[in-house]
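[1] have a look at this prediction, sequence included:
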Amino acid sequence: TLLPLPPPPDAPPQLVAPPPPPPAYPPTEFPIPQSGVAVLDGNRADATQLACLRPGSDEYTTTSPGNELNPGDNIVIAAQCCRPGKSDPAEACVRKIGGDEATCVAGKPPTAMTYSAAAELCAQ
């Protein structure tokens, strides 16, 4: 086995380029708010928080940790549309437009989408 020889003591130090920066998140009209966005367990009346989406790190997130009904990670986050100014919690954020399952915002089963994609869908 051959080993590389160390550089001579009077050799100039070699400069190593830093690694490239991570890819930038695509610009969007609907970024994650600076305060973050809660991911709630939709199968519980008490709205248990499963995760929090944070700007600068979760722009591509479409799944969350599981719950009792869906243990494990990588549970698709079901999008909902929130309407500012609504005081009734039942009207403030909804996962369906209308009353039946066929009108789920992200479909049934839900289509995986980012926060920005869901917010854009709700703005239409």
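    Done, it's in. Numbers count the residues shown, from 1 in each chain.

[2] what bridges to Cys81?
    Cys81 has the following beta-bridge partners by DSSP bridges: Val94.

[3] can you verify my assumption that it contacts Val105?
    Yes: counting by Cβ atoms under 8 Å, Val105 is a contact partner of Cys81 at 5.6 Å. Quick note: C-beta positions are derived from backbone N, CA and C, even for glycine.

[4] pLDDT wise, what is Asp100 at?
    Per-residue pLDDT puts Asp100 at 66.

[5] likewise Leu2?
    If you check Leu2, the pLDDT there is 66.

[6] and the nearest residue to Arg95 once chain neighbours are set aside, how far from Ala118?
    Nearest-residue entry for Arg95: Gln80, 4.3 Å, with adjacent residues in sequence omitted and distances by Cβ to Cβ, 6 or more residues apart in numbering. The spacing between Gln80 and Ala118, counted by Cβ to Cβ, to the nearest Å, is 8 Å.

[7] what does Pro109 give?
    Distance, Pro109 to Ala118, using Cβ to Cβ: 15 Å.

[8] what ranges do the helices span in the chain?
    Chain-ordered helices for the chain, with DSSP state H as the definition, fall at 89-92, 115-123.

[9] nearest to Thr61, out of these?
    helix 115-123 (7.4 Å; Cβ to Cβ).

[10] pLDDT on that closest one, on average?
    89.

[11] contacts for it?
    Defining contact as Cβ atoms under 8 Å, 6 or more residues apart in numbering, one finds that helix 115-123 is touched by 28-32, 37, 53, 58-59, 61, 79-82, 105-106, 113.

[12] got the CA coordinates for it in CSV?
    Provided in CSV are the C-alpha atoms of helix 115-123 (Å, rounded to 0.1, in the frame of the first residue of the first chain):
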residue,chain,number,x,y,z
TYR,A,115,-47.1,25.7,2.9
SER,A,116,-46.6,28.2,0.0
ALA,A,117,-48.5,25.9,-2.5
ALA,A,118,-51.4,25.5,0.0
ALA,A,119,-51.6,29.3,0.6
GLU,A,120,-51.5,29.9,-3.1
LEU,A,121,-54.3,27.4,-3.6
CYS,A,122,-56.4,29.1,-0.9
ALA,A,123,-55.9,32.5,-2.4
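
[13] I am finished for the moment; much appreciated.
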